[in-house]
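In: Kindly generate the corresponding structure for this input.
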Amino acid sequence: MVYVAAAVSLGLVLYIDPLVLGALYGVVLWILTLYPIHKPITGVSLHRHPLGHKPIILSILVHIVYGITTTYLAIRLLYPT
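Out: All right, here's what the predicted structure looks like:
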């Protein structure tokens with residue numbers, strides 16, 4: 001949410017499509033939060049997961065959906081039409 005607020009406060013929302021901004025937010029959120037702490041917490045590496053690459057793909061997709069939803073709601077609340 002901090003990234004969305006920073007982008008909104010800088011006026012980037014006016015120049016970047018909300019879907020793109022939200023997708024970027026979701027990927028950045030995944031990289032900064034889940035990726036570094038997954039192995040220490042679960043003991044399972046993301047690269048050598050027993051279920052293959054499916055959990056990584058699903059996790060990134062869910063983070064992208066979360067980012068798009070959060071960005072959409074933030075823009076609608078800050079810039080009502």
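In: I figured Leu21 hits Thr71, correct?
Out: Yes: using Cβ atoms under 8 Å, Leu21 is in contact with Thr71, at 5.2 Å. For glycine as for every other residue, the C-beta is placed from the backbone atoms N, C-alpha and C.
In: more neighbours, the two?
Out: Comparing Leu21 with Thr71 by other Cβ atoms under 10 Å, the one with more neighbours is Thr71, at 27 against 23.
In: Test my guess that the more buried one contacts Ile16.
Out: No: counting by Cβ under 8 Å, Thr71 does not reach Ile16; the two are 9.6 Å apart.
In: Report the contact partners of Pro40.
Out: If a contact means Cβ atoms under 8 Å, 6 or more residues apart in numbering, then Pro40 has no contacts.
In: I'd like the distance from it to Tyr25, if you could.
Out: Using Cβ to Cβ, to the nearest Å, we find Pro40 at a distance of 24 Å from Tyr25.
In: now Leu32
Out: 11 Å.
In: what about the two, which has more around it?
Out: Tyr25 (23 against 11).
In: Spatially, what comes nearest to that one if we skip its sequence neighbours?
Out: Among residues not flanking Tyr25 along the chain, Gly67 sits closest, at 3.8 Å (Cβ to Cβ, 6 or more residues apart in numbering).
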